[in-house]
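# Any chance you can model this:
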Amino acid sequence: MKRRIRNTEQKPTGAIKAPDFRVLLINAKRLFGVTVAFLSEKINEVKRTKPIKERLVQIVSNASRILPALAVVLVLTTLVVYLTLGPGSPESMIQQTPYSAETTETKTLQQPIFSDFTEPDMANYLEMNRGGYWDYWYQEAVPPAGTAANEVTATPAATPTVTPEPSITPEPTPSLTPIPTVTPVPPETDSDGVIQEPRSVNDFTPDDTRTYVKSFVANIRVSPSTDSDILQTVTMGDRLTRTGIGDYWSQVLTESGKTGYIYNSLISTEVIYKPKPTATPTPKPTVTPKPTATTTPQPTAKPTAAATPKPTEAPADTSSGLTTAQKQEIVDLAKSFIGVKYVYGGSSPSGFDCSGLTSYIYKTLFNITLPRSAKDQAFAGTKVSSSNIEIGDIICFDWSSPYGVCDHVGIYIGGGQYVDASYTAGKVRLSTVNFSRNPIISIRRIIP
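As a prediction, this is how the structure comes out:
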C-alpha cells in the first residue's frame, strides 16, 4: 500500500534567504523613488521653460516613456512577493491521503492524517513557504519494514441512510370540454335564388330614409318573401320611404300610403330619375277640302275604271330575324365560354368583360361590329319588350348607376337564361333572368 508521508530529512535547494529578500525589497523601493524623482524633475523643468499646453504634452510624453519600465518593476515585485509569501502555512499542512488500492480491488476512503507540527525556525519557515515546496513536502514512498505502526487505518465513515421523501401524486388535470362549433344555417332562397328574409319584421332596424327604385320593374310585397302577395308594382325612379332595414329586405312606405317590403338590391338612396318616355308623334289634322262651285253640267264622259283599293299594311313583325340554326349557333358559342376568366376590356376567348363577350359573338357569327361599351350597346339595334325577348337579344342592366345608365350586358339564350361575363363572379357564367326583380333598363335586338 502506498501513502503520502512527510519527509523531514530532505531539504529544499535554491531557497531565497531572508537577507536576500530584504536587499531585493530595498532595491525595488530605491528604483521606485528614483522614478518618482525623475518624473518630478521633468515636471518642474517643463513648468519653468514652456507654456501650459506644451507642458502637458511634455509631461504625457515623459510619462509614456517611463511607464513600461515601471510596469516591469511592478510585475517583478509582485512575482517575488508571491514566490516568498505565497500559499502554504502551518494551518494548511494537512496530509491528504488518497484512496488505497486493496487486493480485492475495492477502494477504502482514508481519513486525513494531521502531521505533527513543530514550530520551525525562520529559515525553515521561508524554505517551507516557497512556491515549489509541494514538490518535496509530500511524496509517495514505500515504507520500510517495521514502520507499520506509523500507519493509521481509518475506519470508513458510515454512509448515512437517506430517507426517501414521499412522492407527491400529481393532481389530475381537468379536461376541457370542447365548445361545440355552431354550423351556420344557409339562408333560405326561392327557385330563382332570391333570399328570403330570415329576420322577423319586428326585428327590423328602424329607418326613415328616402329611397328610389333602380330596377326597371319591381314588386312590393305584403311580407319580406317572394311567396307573399304583391302589394304594388313600382318602376324605375319611383320614390319610397324606407321605414325598416332587414338583412336582405326593407320595409317601405309608398307615396300612396301603403306599407310593404322590397328587396334591398332593387332600391337606392341616391336620386334616380324616371326614364323619359318615347314621344308619340301627334297626328296632323285632316284638312277638309273646300266645296267647289256648281258648274254647268257637261256632256257625260266615258266612265273610268274604279281604282283598286290598296291592302292595309300588316303590323311590324316583332320576331327575331335569326333562323333556328343561327339561334342554336349563338347558344352553343355562348355556352362554350362559360368559365372563361373575367378580364376588364377583354374581348377574346382568353378573357372577356360583359360587352366584350357580346361583341365577340356577333362579330364571329355574323360579322357585326357592336359598340364596345355596355352603355353604348344599350342603344344598338331595336328595343323589344320582355314578353317578346328571343335568343340572341342583349339584356341591358343598371346594377350600380343611379341615373338609369346601362353598366352591364348579357346575351339571352332562351329558357329564361342568359350568359354574361361577371365582374363579381370573376368569370363568364350562366344566369337566370328575373324581369320583375333584376334592374333591366332595356332589351336590344341586333338582327330584327
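
# switch to C-alpha atoms for all contacts and neighbour counts from now on
Noted.

# what is the mean pLDDT for stretch 204-216?
Taken as a whole, stretch 204-216 has an average pLDDT of 89.

# Sorry, wrong one. I was asking about stretch 361-373.
Across stretch 361-373, the average pLDDT comes to 92.

# Next: stretch 233-250.
For stretch 233-250, mean pLDDT rounds to 91.

# what's in contact with that stretch?
By CA atoms under 8 Å, 6 or more residues apart in numbering, the residues outside stretch 233-250 that reach it are 195-199, 201, 203-220, 224, 251-255, 261-264, 271-275, 404.

# What are the buried residues along it?
Neighbour counts over stretch 233-250 (16 or more other CA atoms under 10 Å) mark 234-246, 248-250 as buried.

# so which of these comes closest to residue 409?
Of all those, residue 409 sits closest to residue 236, with 17.9 Å by CA to CA.

# Confirm residue 220 sits in a strand?
Yes. Counting by DSSP: H, G, I helix; E, B strand; the rest coil, residue 220 is located in a strand.

# Wait, it touches residue 227, no?
No. Contact criterion CA atoms under 8 Å: residue 220 and residue 227 do not qualify, at 11.9 Å.

# neighbour-wise, which of those two wins?
A side-by-side neighbour count of residue 220 and residue 227, using other CA atoms under 10 Å, places residue 220 first with 25 against 11.

# doesn't residue 240 fall inside a helix?
No. Per three-state DSSP, residue 240 lies outside any helix segment and is strand.

# What residues are bridge-paired with it?
Legend: beta-bridge partners of residue 240 under DSSP bridges are residue 211.

# how close does residue 330 get to residue 419?
10 Å (CA to CA, to the nearest Å).

# The two: which has the busier surroundings?
Shown here are residue 330 and residue 419; by other CA under 10 Å, residue 419 has more neighbours (26 against 21).

# what's the helix or strand for that one?
strand 417-422 (DSSP states H and E).

# just residue 260 next, same as before
strand 259-263.

# Buried residues of that strand, list them for me.
Under the neighbour-count criterion of 16+ other CA under 10 Å, strand 259-263 has 259, 260, 261, 262, 263 buried.

# what pairs with whichever strand or helix holds residue 442, and is each one parallel or antiparallel?
Using DSSP H and E, residue 442 sits in strand 440-445. Strand 440-445 has the following sheet partners, assigned by DSSP bridges: strand 382-383 (antiparallel), strand 394-397 (antiparallel).

# Take those strands and lay them out in TSV including mean pLDDT.
Below are those laid out as TSV (pLDDT from 0 to 100):
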stretch	mean pLDDT
strand 382-383	92
strand 394-397	94
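
# before we move on, the earlier item: name the strands paired with the strand holding residue 419 and say parallel or antiparallel.
Short version: by DSSP bridges, strand 417-422 pairs with strand 408-414 (antiparallel), strand 427-432 (antiparallel).

# Buried deepest among those, which one?
Ranked by mean neighbour count, the strands paired with strand 417-422 are led by strand 408-414 with a mean of 25 (mean count of other CA atoms under 10 Å).

# any residues touching that strand, and which ones?
Strand 408-414 is contacted by residues 330-331, 334, 354-355, 358, 374-375, 390-399, 418-421 when judged by CA under 8 Å, 6+ apart.

# Got a quick PyMOL command for the buried subset of those residues?
A single PyMOL command selects the buried members of these (16+ other CA under 10 Å):
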select buried, resi 330+331+334+354+355+358+374+375+390+391+392+393+394+395+396+397+398+399+418+419+420+421
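
# so which of the strands paired with strand 440-445 gets nearest residue 368?
Smallest distance to residue 368 across those (CA to CA): 13.7 Å, for strand 394-397.

# Convert the C-alpha atoms of the closest one to CSV, please.
Only the C-alpha atoms of strand 394-397 are listed here, as CSV (Å, rounded to 0.1, in the frame of the first residue of the first chain):
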residue,chain,number,x,y,z
ILE,A,394,-78.9,41.7,-75.5
ILE,A,395,-80.2,42.3,-72.0
CYS,A,396,-79.0,45.7,-70.6
PHE,A,397,-78.8,46.1,-66.8
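
# Run through who's touching it.
358, 374, 377-378, 406-412, 438-446.

# Surely residue 62 forms part of a helix?
Yes. Assessed by three-state DSSP, residue 62 belongs to a helix.

# on that earlier part again, how about the strands paired with strand 417-422 in JSON lines, adding mean pLDDT?
Compiled in JSON lines, the strands paired with strand 417-422 are given as follows (pLDDT from 0 to 100):
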{"stretch": "strand 408-414", "mean pLDDT": "95"}
{"stretch": "strand 427-432", "mean pLDDT": "94"}
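
# quick one: the residue nearest to residue 254 when sequence neighbours are not counted and residue 273, what's the gap?
Spatially, and ignoring its direct neighbours in sequence, residue 254 is nearest to residue 240 (5.1 Å; CA to CA, 6 or more residues apart in numbering). Between residue 240 and residue 273 the distance is 13 Å, computed by CA to CA.

# for residue 206, same thing?
For residue 206, the distance to residue 273 - CA to CA - is 26 Å.

# which secondary structure element contains the residue nearest to residue 77 when sequence neighbours are not counted?
Nearest residue to residue 77, sequence neighbours excluded (CA to CA, 6+ apart): residue 28, at 7.3 Å. Using DSSP H and E, residue 28 maps to helix 18-49.
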